[in-house]
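3D, please:
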Amino acid sequence: MAWWELVLEKIDVREELLTPGRGLKGSRRKPFIIESIGPFDIIIASGKSEICLEKKCFDVIEEAFIANPSLWLRVAALHKSEPFEDSVDKVVREATGSKLARGNYICSILQHCGLVRYAMRGNKKGIELSR
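Residues are numbered from 1 along each chain as shown. Next comes the predicted model:
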């Protein structure tokens, strides 16, 4: 089953999740709420902002892991400049053409659904396939 279908099965409207935060224990995690779920997008509320997470955001991450099952993608996002080279944001921005930093939310949802797990490389937090 495709990741998108699994995500739609495992999250609920009004569910509160937390961003990954720093380190494996996740210090400085921040809540966000699933506002709506549609066939092609998920709308989340983070602070006072509503953010659209398109199906394509999840599809491109799944495709990256299919192409390289040992892949590790960095969680951290840079909001005002180019994303980190080995990051979820870089992959998502290239696929969607959007400059929005949405990787933290995507990682959180994928981890919540059991598709990926957080893993550290030095002091950098990333995601890898759940084993």
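
Quick one: residues contacting F84.
Under the criterion of C-beta atoms under 8 Å, 6 or more residues apart in numbering, the neighbours of F84 are 74, 76-78, 90. C-beta here means a position set from N, CA and C on the backbone, and glycine is covered the same way.

Quick check on those residues: which are buried?
The neighbour-count test (16 or more other C-beta atoms under 10 Å) marks 74, 76-77, 90 as buried among these.

what's the closest non-adjacent residue to C52?
Spatially, and ignoring its direct neighbours in sequence, C52 is nearest to D41 (5.2 Å; C-beta to C-beta, 6 or more residues apart in numbering).

ok, which stretches of the chain are helices?
Assigned by DSSP state H, the helices in the chain fall at 3-10, 55-67, 88-96, 103-112.

nearest spatial neighbour of the most centrally placed residue in the chain, skipping sequence neighbours?
Centroid-nearest residue in the chain, with C-alpha atoms, centre = their mean: I106, separated by 1.7 Å. Leaving aside its sequence neighbours, I106 sits nearest to C57 (C-beta to C-beta, 6+ apart; 5.5 Å).

Okay, the one you found and A64: tell me how far apart.
C57 is 12 Å from A64, where distance means C-beta to C-beta, to the nearest Å.

For the two, work out which one has more neighbours and name it.
C57 (26 against 15; other C-beta atoms under 10 Å).
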